[in-house]
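Visitor: I would like to see how this sequence folds:
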Amino acid sequence: MAVLTTLPEVLTFSLLLLLVWTAVDVYVTRYGLIPAARPLTRVHNWFYAAVSLVMLLQILHDDAKDSFTIRYIFHLSKFYESLDILLVCASGSQIGRPLAFHHFTTPYLTYMRYLSHHGGWRPFAALNNLHHFLVYTFFARGIKASAILRSVLPCTGILQLIVSVWVDMMYGLDKYNGGSEPWWPNLGAVILVGGYFVLFFQGFGFRVGQKLFLFGGVLGVFLILRALIV
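Guide: Numbers count the residues shown, from 1 in each chain. Next up, the predicted model:
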């Protein structure tokens, strides 16, 4: 049986990540940053950028009806991605709440939507891998990263979130109206991605109320479009 495909396994991983993060934080507080952390971070960034590109190409070219392998690899990649927390902490930097929330919750998003209940999984997965390819290339290049790449990242970031919400709203409503399939995975995905949507605007000076209003407005537009399409 494939590992990290059950809720107890995902919860156990989250607990272990929290414990290791705490241990690294205590070590850095007492003894200072870990010298190998920054070189390892650079290798990690290049590796994950390459993995994201390979997954993107695989998703775009794989027309199989039930591609469990690529969905499972996409799911596992979110566990690997959470190493960011440990590497950032080991480098002596503080972990922001948006980063922590993102890395602790994305395995639950992929658990809900990319293992069993995977209808409409490709659009978000493709855009997410495109975004992460660009993000981790940007991180790996450091100060050498181009201004063009920096300016593109907010666009790919918000696009993947909007597409994710749109797809899950569409599929969730179809399941709710049809009654033949569970629609809770889509609802859970909308809630989680809604959280990412709110946190995404953290760096743009939006207040919490403004961000919630903006997210509510986007959902409202989706519902109106959905009604018009049907």
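Visitor: just the C-alpha atoms of stretch 180-200, please, in PDB.
Guide: What follows is stretch 180-200, C-alpha atoms only, in PDB (Å, rounded to 0.1, in the frame of the first residue of the first chain):
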ATOM      1  CA  SER A 180     -23.900  10.200  -6.200                       C
ATOM      2  CA  GLU A 181     -20.400  11.200  -4.900                       C
ATOM      3  CA  PRO A 182     -19.200  12.900  -1.700                       C
ATOM      4  CA  TRP A 183     -18.800  16.600  -2.100                       C
ATOM      5  CA  TRP A 184     -16.900  17.300   1.100                       C
ATOM      6  CA  PRO A 185     -13.500  17.000  -0.500                       C
ATOM      7  CA  ASN A 186     -14.300  19.900  -2.800                       C
ATOM      8  CA  LEU A 187     -15.700  21.900   0.100                       C
ATOM      9  CA  GLY A 188     -12.600  21.200   2.100                       C
ATOM     10  CA  ALA A 189     -10.400  22.300  -0.800                       C
ATOM     11  CA  VAL A 190     -12.300  25.500  -1.300                       C
ATOM     12  CA  ILE A 191     -11.900  26.300   2.400                       C
ATOM     13  CA  LEU A 192      -8.200  25.600   2.400                       C
ATOM     14  CA  VAL A 193      -7.500  27.400  -0.800                       C
ATOM     15  CA  GLY A 194      -9.600  30.200   0.500                       C
ATOM     16  CA  GLY A 195      -7.200  30.400   3.400                       C
ATOM     17  CA  TYR A 196      -4.300  30.600   0.900                       C
ATOM     18  CA  PHE A 197      -6.100  33.200  -1.100                       C
ATOM     19  CA  VAL A 198      -6.500  35.400   2.100                       C
ATOM     20  CA  LEU A 199      -2.800  34.900   3.000                       C
ATOM     21  CA  PHE A 200      -1.700  35.600  -0.500                       C
END
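Visitor: where in this protein is pLDDT low?
Guide: 1, 64-66, 202-230 (pLDDT under 70).
Visitor: strands of that one, start to end?
Guide: Assignment of strands within the chain using DSSP state E yields no ranges at all.
Visitor: so where's the longest helix in it?
Guide: helix 147-178 (DSSP state H).
Visitor: what comes up buried for that one?
Guide: Residues 156-157, 160-175 are the ones in helix 147-178 that count as buried (16 or more other CB atoms under 10 Å). C-beta coordinates here come from the backbone N, C-alpha and C atoms, glycine included.
Visitor: tell me which other helices or strands that helix touches.
Guide: helix 122-141, helix 184-200, helix 208-229 (3 or more CB pairs under 8 Å, 6 or more residues apart in numbering; DSSP states H and E).
Visitor: okay, buried residues for the shortest one please.
Guide: What it means is helix 184-200. Those would be 185-190, 192-200, for helix 184-200 by 16+ other CB under 10 Å.
Visitor: surely residue 56 touches residue 133?
Guide: Yes. In this structure residue 56 lies within contact range of residue 133 using CB atoms under 8 Å: 6.3 Å.
Visitor: which non-adjacent residue is nearest the residue nearest the centre of the chain?
Guide: Centrality entry for the chain: nearest residue to the mean C-alpha point is residue 106, 4.9 Å, by CA atoms, centre = their mean. Nearest-residue entry for residue 106: residue 78, 4.4 Å, with adjacent residues in sequence omitted and distances by CB to CB, 6 or more residues apart in numbering.
Visitor: try residue 199
Guide: Residue 199 sits nearest to residue 98 (CB to CB, 6+ apart), 4.1 Å away.
Visitor: test my guess that that neighbour contacts residue 198.
Guide: No. At 9.2 Å, residue 98 does not count as touching residue 198 under the criterion of CB under 8 Å.
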